[in-house]
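Participant: quick one: sequence and predicted model below, then my questions.
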Amino acid sequence: MALDRWIAFVILCVALAYGYAAYFTMDQLLPPFMQRNPIWPSTFPKILAVLAVLTSLVILLGLEKPSADAAEKKPDIDYRRLADYHLGQAVLLLGLMVAYALTLRPLGFLLATTGFLSLGAIALGERKIYILIPVAVIATGVVWYLVQVVLGIFLRPLPWFM
Amino acid sequence: MIEGLMIGLGAAFSLQNLLMVIAGCLIGTFIGMLPGLGPMSIIAIMIPVAITIGDPSAALILLAGVYYGAIFGGSTSSILLNAPGVAGTVATSFDGYPLARKGMAGKALTIAAISSFAGGTIGAILLMVFAPMLSTVALLFHSAEYFALMVVGLSAIAAFAGTGNVAKAILMTVLGLIMATVGEGALFNMPRFTMGLMDLQSGFSFITLAMAMFALPEAIFLVLNPARSAQSGGDAGKITGLRVSREEARKIVPVISRQSIQGFFIGVLPGAGATIASFLGYAVERNIASKEEQEEFGHGSIKGLAAPETANNAACTGSFVPLLTLGIPGSGTTAILLGALIALNVTPGPRLMIDDPQIFWAVIISMYIGNLVLLILNLPLIPYIAKVLAIPRNYLIPFILFFTLMGSYIGQNNSTELLILVGMGVGATILKFADYPLAPLLIGFILGSMLEDNFSRSMQLYDGIGFVLDRPMTLGLLVIAALLVVIPSYRARRARARQQGVAEGD
C-alpha cells in the first residue's frame, strides 16, 4: 500500500476515535438547560468527524484517481528511496532538536543554544571547528540580547547551578 | 477615502513604522533569497517578533514588508541561480536565468525590480479602491453568510491546492478544522478533546503549528536533498549593466500594465495566489506576443521576465483584499497574517475599516512605501545581497531550525511546546512526502473557530439548520462551495475517460 493511503488509514482511525468521542461521550456531560439549545458543543465535531471519515475513505479506497498531470508531477523527494538521501543527518538534527527542548531549562539558553548550533553544523559535516564555535557563540549572544533586551522576554541564560 | 488616506499617512510615516517597513523588506529579501525558504516560513518565523511589538499596525506593516521582500528575494535567486526560493517566482526563472546566462544578469534584476515595483504599486491602488467597496457589501452579511463564505473559501483553497488530488486537500482542511476544536473554546466554556492533558487545555498553538507545517519540513527537505540548496555562488559577485534601454522599456510597459491588473484580481480569489498569477501571467503574455517574440520566450525574453514578476507582486497585494475586508485568508501566507492579527487582538473584517481605520490605511500606505524601499534599497544593493547565496548550508540549516524552535518557545515559554513542534514537524514532513498539501490544514485550523462561531450563531438564531434554506445568499454560496469541490474531480474523470477512449481507438 502506498504511503498516502497509509496516511489516510491513520487519519481514518483518528477520525473514528474523534467521532466516537463526539457522538458517545460528550453529550452526557451536558447540563439539562444546554440540551434545549439547537447547538451543542458536540454538533460541529460530529459534522467534522463524518467529513473526515468520508474523505479518508475516498483516499484509502482509491475512489479518486489522480489526474494525469498530478501523476506525472515528480515529487521533490521520492520517499521510496529515502535511504538514498541524507536520512541519517535529518534524524540526527531532529534528535538534536529534542535534546535542545529537554536541556533548554536546565542548561540555560546560552549553553544549550551554542551547543545546538555547533553540534547541528558538525552533524551536517562542518569540520572547521575553529570558525564554527566562535560563530555559534556570537550568534547565541546576539539572539539572547535581542530577545531579552529588545523584545523583553525572559530567557534563563545560565545553567541551573549558577 | 481622502480622510482615511490622511490617517494612514500619519500612521505610516511615524518613525517606528518606517523602520518596520525597511526592516521587513530587508529581512524578507535576505531570507527569501535562500533557496527552499518561502514567504510562509519566513513570516511564520517573524510572527513572534511581530506579536511582541504589540502595535497591530506596526506588526502588520512589518509582516507585509517581509512578504514583499521574500517574493522579491525569491526572484533574485531564480534569476541568478535558477533556484527559485519561492513557488511564486518559478516562472521568473524561465526567462530570468537565460538572461543571466547571457551575461545580462544586471539588466534582468533591474527589470525584475521595476516590474515588482509597478505590480505592487498598482495593486495597492486597486486595493485602496476595491477594499472599501467590498467591505460596505460585507457589512450586510449575516453570520449565516459568513459561515457560507468561509466554506466557499475553504473549498476553493482545497480545489486549488490539491491539483488533481482534491480529496487529499479536503482531508487536510478537515484535519485542520478538527485540530481547531481541541481545547477550551469561548463558545461553550468547556474543554473538548483534551484527553485530560493540561497541555492541550488551551488548544494547539497557532505559531507552533505554522512552524511545524512550513518551516520545519522545508528545512528537513533541505537536509535530505542537498541539491535543493544548490549553489554556484561564483558569478553572483560580478553584476554589471543595470541599465534598461528605452526600446526595452517600451516593450515591457504594456506587459506590466496588463499583468498588474490581472495579477491583482487573481490574488483576490481565494486559493489562487502569487504562484498561479505568475504562471498565468507568463502564459497569457506568451500567447498574445507576436510570432518572433514568442520564439524568444524561455530563452531570455524580457517580456517573459516582466510578466510573472509584475503578476506575483500584484497578486500578493490582491490577497490582502479578502483578508482585510472579510477576515477570510485566501492563501497560506495571509492565513498566517490573520493568525498574527488575532493574536494582537484585531479581528479583520468589514468592521476593521470602521473600528480601526488607522490599521487599514497604514497598511495600504506602507505598501507604497514598502515597494519604494524595495526599489531604492535593492537596486544598488543587489550585488551585495546576492552574497547571501554563498552562506554554507552547514551553517544555514542549524540556524533555520534554531529559529523555528525559538519562535514557538517565545510564544508559549514552555519547553513541552518544543517537543510538540518536533513531533508535528515530523508528521508534516511525512505528509509532504505523500504529496498532501499542508496549507489547507493551517487555513482550516485558523478558520476553524470562526467557522464554528458563525455556524453556532446562525443555528441559534434560526433554531436549527433552517437558515440554509431561509437565506438565499447562504444557499447560493454553499452551492458554489460544493461545485468548487466537485467540478475538478468531475473534469479529471472526464478527461481520463477521453484519454482512455483515444488509447483504445489506436
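Facilitator: Sure, I can see it. Residues are numbered from 1 along each chain as shown, chains lettered A, B, ... in the order given.
Participant: domain-wise, how is chain A divided?
Facilitator: Per automatic domain parsing, the domain ranges recorded for chain A read A:3-76, A:87-150.
Participant: looking at these, which has the lowest confidence?
Facilitator: Out of the domains of chain A, the stretch the model trusts least by mean pLDDT is domain A:3-76, with a mean of 82.
Participant: could you measure from A:I122 over to B:I400?
Facilitator: In this structure, A:I122 and B:I400 are 16 Å apart, going by CB to CB, to the nearest Å. In this view, the C-beta of every residue, glycine as well, is placed from N, C-alpha and C.
Participant: more neighbours: which of the two?
Facilitator: Taking neighbours as other CB atoms under 10 Å in any protein chain shown, A:I122 and B:I400 compare with B:I400 leading, 24 against 16.
Participant: and the domains of chain A: which comes nearest B:L484?
Facilitator: Taking CB to CB as the measure, these were each checked against B:L484, and domain A:3-76 came out nearest at 14.9 Å.
Participant: tabulate the domains of chain A (a markdown table), appending distance to B:A481.
Facilitator: Output for the domains of chain A, formatted as a markdown table (distance: least, CB to CB, whole Å):
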| stretch | distance to B:A481 |
| --- | --- |
| domain A:3-76 | 13 |
| domain A:87-150 | 38 |
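Participant: and the residue positioned nearest the centre of chain A, how far from B:V426?
Facilitator: With distances taken as CA atoms, centre = their mean, A:L94 lies nearest the centre of chain A, 10.7 Å away. For A:L94, the distance to B:V426 equals 7 Å [CB to CB].
Participant: enumerate every residue touching the residue nearest to the centre of chain A.
Facilitator: A:L94 is in contact with B:220, B:422, B:425-426, counting by CB atoms under 8 Å, 6 or more residues apart in numbering or on different chains.
Participant: out of these, who's nearest B:G4?
Facilitator: Lowest distance from B:G4 to the contacts of A:L94 (CB to CB) belongs to B:G425, with 41.7 Å.
Participant: assumed that closest one was part of a strand.
Facilitator: No: with DSSP: H, G, I helix; E, B strand; the rest coil as the criterion, B:G425 is assigned helix and is not in a strand.
Participant: grab the nearest non-local neighbour of it.
Facilitator: Taking CB to CB, 6 or more residues apart in numbering or on different chains, and ignoring the residues beside it in sequence, B:G425 has B:L216 as its nearest neighbour in space, at 3.4 Å.
Participant: again with A:I11
Facilitator: Distances taken as CB to CB, 6+ apart put A:S56 closest to A:I11, at 4.8 Å, once the chain neighbours are dropped.
Participant: so that neighbour: helix, strand or coil?
Facilitator: When the structure is reduced to helix, strand and coil (three-state DSSP), A:S56 reads as helix.
Participant: for it, what are its contacts?
Facilitator: A:8-9, A:11-12, A:15, B:171.
Participant: how about JSON lines for those residues, with neighbour count, distance to A:A2 and secondary structure added?
Facilitator: As requested, those are arranged in JSON lines below (neighbours: other CB atoms under 10 Å in any protein chain shown; distance: CB to CB, whole Å; DSSP: H, G, I helix; E, B strand; the rest coil):
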{"residue": "A:A8", "neighbour count": "26", "distance to A:A2": "10", "secondary structure": "helix"}
{"residue": "A:F9", "neighbour count": "15", "distance to A:A2": "11", "secondary structure": "helix"}
{"residue": "A:I11", "neighbour count": "24", "distance to A:A2": "14", "secondary structure": "helix"}
{"residue": "A:L12", "neighbour count": "19", "distance to A:A2": "15", "secondary structure": "helix"}
{"residue": "A:A15", "neighbour count": "25", "distance to A:A2": "20", "secondary structure": "helix"}
{"residue": "B:L171", "neighbour count": "30", "distance to A:A2": "15", "secondary structure": "helix"}
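Participant: tell me the one of these nearest B:S415?
Facilitator: Distances from B:S415 to the contacts of A:S56, taken as CB to CB, are shortest for A:I11 (28.2 Å).
Participant: related to what we said a few turns ago, any idea how far the residue nearest to A:I11 lies from B:A158?
Facilitator: Between A:S56 and B:A158 the computed distance is 14 Å (CB to CB).
Participant: now B:V174
Facilitator: Separation of B:V174 from B:A158 (CB to CB): 9 Å.
Participant: try B:D435
Facilitator: As judged by CB to CB, B:D435 and B:A158 stand 14 Å apart.
Participant: report the buried residues of the longest helix seen in chain A.
Facilitator: Of all the elements of type helix in chain A, the one with the most residues (DSSP state H) is helix A:87-107. Taking 16 or more other CB atoms under 10 Å in any protein chain shown as the basis for neighbour counts, the residues of helix A:87-107 that come out buried are A:89-90, A:92-94, A:96-97, A:100-101, A:103-104, A:107.
Participant: and B:D435 and B:A158? Which one has more around it.
Facilitator: The residue with the greater number of neighbours, taking B:D435 and B:A158 and applying other CB under 10 Å, is B:A158; the counts read 30 against 19.
Participant: which residues touch that one?
Facilitator: Residues B:166, B:169-170, B:172-173, B:271, B:440, B:484-485 are the ones in contact with B:A158 under the rule CB under 8 Å, 6+ apart.
Participant: next: B:G69.
Facilitator: Taking CB under 8 Å, 6+ apart as the definition, contacts of B:G69 comprise B:24-30, B:32, B:370, B:374.
Participant: check which helix or strand it maps to.
Facilitator: In the assignment (DSSP states H and E), B:G69 maps to helix B:56-81.
Participant: list of residues touching the helix or strand that that helix is followed by?
Facilitator: Downstream of helix B:56-81, the next assigned helix or strand under DSSP H and E is helix B:90-99. Outside helix B:90-99, the residues that touch it by CB under 8 Å, 6+ apart are B:74-75, B:78-84, B:105, B:107-108, B:112, B:275, B:278-279, B:281-282, B:297-302, B:304-305, B:307-309, B:312.
Participant: per-residue pLDDT of the most centrally placed residue in chain B, please?
Facilitator: Nearest to the mean C-alpha position of chain B, by CA atoms, centre = their mean, lies B:T333 at 3.3 Å. B:T333 is assigned a predicted lDDT (pLDDT) of 81.
Participant: tell me the spacing between it and B:N371.
Facilitator: Applying CB to CB to B:T333 and B:N371 gives a distance of 17 Å.
Participant: ok, now B:N454?
Facilitator: B:N454 sits 35 Å away from B:N371 when distances are taken as CB to CB.
Participant: the more surrounded of the two?
Facilitator: Counted by other CB under 10 Å, B:N454 and B:N371 do not tie: B:N371 has more neighbours, with 27 against 22.
Participant: what's around the residue nearest to that one when sequence neighbours are not counted, how many residues?
Facilitator: Across the structure, with CB to CB, 6+ apart as the measure, the residue nearest B:N371 apart from its sequence neighbours is B:G120 (4.0 Å). The number of residues packed near B:G120 is 28, by other CB under 10 Å.
Participant: what about B:G103, neighbour count?
Facilitator: The number of residues packed near B:G103 is 13, by other CB under 10 Å.
Participant: okay, it: pLDDT?
Facilitator: Looking at B:G103, the pLDDT reads 75.
Participant: so B:Q201 is in contact with B:E184, correct?
Facilitator: Yes: with contacts counted by CB atoms under 8 Å, B:Q201 reaches B:E184, the gap being 6.0 Å.
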